[in-house]
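Chemist: below is the structure, and that's it, no one-letter string:
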């Protein structure tokens, strides 16, 4: 079987060790690194994301696939030059100020990393100022914020206000149980992610990738 | 307190309706085994006699209660540990199992409060959690003031959230004029609610 197809299958099936060993095998065989990345790892993860969005796959399977992709990426990265862009973009992620719930945010971070994004995870109870500071530091493309309670949602709006006041280039995506499209529009965020798969799709859309 | 989580309930909460793959099933069984050793429930409730600073929800009630229950810190420490060790699927499954367990713990506490109320002559009652259904999250402070002399192991953050996170608190009222029972149909996310559709 084609080694790229084997990498694709390993990621699709969430087989971490197999994904790593197939990527290593492909590298040893001098396969094109771009093919390994785009036709193997990323192509598989894109399909996993789609199937999750369609309800065919569930979160544990997506997490396994994300881990398999990461294992392959770890082996692949040293083979790209420093000027090659192997990431789809950089996302600063965190739970809104006052909120300590992080499971959903952690899952989104892992799925984003597994889909080829560079992720700076600020954890929980993140102030608006800290979101901005980190986004500037890592030259982020997107700030992603999560909240579980209506009482912590307003600080998401403060982040958007700071970005507008300082004329910063960051896109903002919001998500979490009480958040919806109406709230997203009210605070002037760029996108609302209904779930992790939707969030990834919207982030790719925001970045035109 | 019986907080046993069934394999079926856990799989349903994750989203599976049909038979899951053996790998997932093995992980679910492993996490349910772990859960048993990580849950250290502590609960308390108190009947409220003092009318001072009474939350509006309790006004006019014949019997008024404040209660809280926690699964303790071990569970979420383990979830964090699994995430940190690169095992997010295990962490996720264990966290979901904990959510089911803390819901059961809340129901157990509610049943005990109902028994207490019944023994005092009131059978019909309602409970509300601070932060939900019209009760301000700040009311959390009032609940924990009423339980302050009981060592529950729950701390409130400056934004009134409970730590450990797998904790539940509520106000309960019996007698007086009860408002109608709650319906989630008014929620803006009713159509997309994954909790409702998984049932």
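Modeler: Structure received. Predicted model only: the values in this text are computed from it and were never measured.

Chemist: show me where chain A has strands.
Modeler: Assigned by DSSP state E, the strands in chain A fall at A:90-95, A:118-121, A:142-146, A:171-175, A:191-193.

Chemist: highest mean neighbour count out of these?
Modeler: Mean neighbour count, computed with mean count of other Cβ atoms under 10 Å in any protein chain shown, is highest for strand A:142-146 among the strands of chain A, reaching a mean of 28. Using the backbone N, CA and C atoms, a C-beta is placed for each residue, glycine as well.

Chemist: tell me the angle it makes with strand A:90-95.
Modeler: Between strand A:142-146 and strand A:90-95, the angle comes out at 20 degrees (axes from the mean of the first three to the mean of the last three Cα atoms, to 10 degrees).

Chemist: strand partners of strand A:142-146, parallel vs antiparallel please.
Modeler: Paired strands of strand A:142-146, with direction, are strand A:90-95 (parallel), strand A:171-175 (parallel) (DSSP bridges).

Chemist: pLDDT on it, on average?
Modeler: Regarding strand A:142-146, the rounded mean pLDDT is 96.

Chemist: cool, stretch A:105-112 as well?
Modeler: If you average the pLDDT over stretch A:105-112, you get 86.

Chemist: show me which residues of whichever helix in chain A runs longest are buried.
Modeler: Using DSSP state H to define each element, chain A has its longest helix at helix A:59-76. For helix A:59-76, the neighbour count (16 or more other Cβ atoms under 10 Å in any protein chain shown) marks A:59-73, A:75-76 as buried.

Chemist: could you do stretch B:23-40 as well?
Modeler: B:24, B:27, B:28, B:31, B:32, B:34, B:35, B:38, B:39.

Chemist: of the strands of chain A, which is nearest residue A:43?
Modeler: Across those, residue A:43 has its closest neighbour in strand A:118-121 (19.4 Å, Cβ to Cβ).

Chemist: if we can go back for a sec, make TSV out of the strands paired with strand A:142-146 and add distance to residue B:164.
Modeler: Converted to TSV, the strands paired with strand A:142-146 look like this (distance: least, Cβ to Cβ, whole Å):
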stretch	distance to residue B:164
strand A:90-95	16
strand A:171-175	24
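
Chemist: kindly reformat the ones you listed as TSV containing distance to residue A:102 and mean pLDDT.
Modeler: Converted to TSV, the strands paired with strand A:142-146 look like this (distance: least, Cβ to Cβ, whole Å; pLDDT from 0 to 100):
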stretch	distance to residue A:102	mean pLDDT
strand A:90-95	5	96
strand A:171-175	13	96
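
Chemist: show the pLDDT at the spatially most central residue of chain B.
Modeler: The centroid of chain B falls nearest to residue B:168 when counting by Cα atoms, centre = their mean (3.7 Å). Note on residue B:168: pLDDT of 95.

Chemist: adjacent strands (with direction) for the helix or strand containing it?
Modeler: Residue B:168 belongs to strand B:167-174 when assigned by DSSP states H and E. According to DSSP bridges, strand B:167-174 forms sheet pairs with strand B:63-70 (antiparallel), strand B:125-128 (antiparallel).

Chemist: contacts only, for the residue of chain A found nearest chain B.
Modeler: Going by Cβ to the nearest Cβ, chain B is nearest to residue A:98 of chain A, at 3.3 Å. Applying Cβ atoms under 8 Å, 6 or more residues apart in numbering or on different chains to residue A:98 gives the contacts A:125, A:151, A:152, A:155, B:157, B:158, B:159, B:161.

Chemist: any regions of chain A where pLDDT drops low?
Modeler: For chain A, the stretches flagged by pLDDT under 70 are A:1, A:81-86, A:209.

Chemist: so which residues on it come close to chain B?
Modeler: Residues of chain A found near chain B (Cβ under 8 Å from any Cβ of the partner chain) are A:55, A:58-61, A:63-64, A:66-67, A:97-101, A:103, A:106-107, A:110, A:125, A:149-152, A:177, A:180, A:182, A:194-195.

Chemist: for the residue of chain B found nearest chain A, what are phi and psi?
Modeler: Going by Cβ to the nearest Cβ, chain A is nearest to residue B:159 of chain B, at 3.3 Å. Main-chain dihedrals, residue B:159, degrees, to the nearest 10: phi -100, psi 20.

Chemist: so what does the longest helix of chain A touch, helix or strand wise?
Modeler: Under the contact definition 3 or more Cβ pairs under 8 Å, 6 or more residues apart in numbering or on different chains; DSSP states H and E, helix A:59-76 sits against helix A:3-12, helix A:16-28, helix A:43-53, helix A:103-114, helix A:196-207, helix B:22-38, helix B:88-119.

Chemist: ok, and for the longest one, which residues are buried?
Modeler: Buried residues in helix B:88-119, counted by 16+ other Cβ under 10 Å: B:88-106, B:108-110, B:112-114, B:116-117.

Chemist: also stretch A:199-209?
Modeler: For stretch A:199-209, the buried set under the neighbour-count rule, 16+ other Cβ under 10 Å, comprises A:199, A:200, A:201, A:202, A:203, A:204, A:206.

Chemist: ok, residue 156 - contacts?
Modeler: Because you didn't say which chain, this covers chain A. By Cβ under 8 Å, 6+ apart, residue A:156 lies in contact with A:96, A:145, A:147, A:172, A:174, A:179, A:187, A:189.

Chemist: that's the wrong chain, I meant chain B
Modeler: Contacts of residue B:156 (Cβ under 8 Å, 6+ apart): B:140, B:141, B:144, B:162, B:163.

Chemist: secondary structure element for the second one?
Modeler: So the one you mean is residue B:141. Using DSSP H and E, residue B:141 falls within helix B:139-146.
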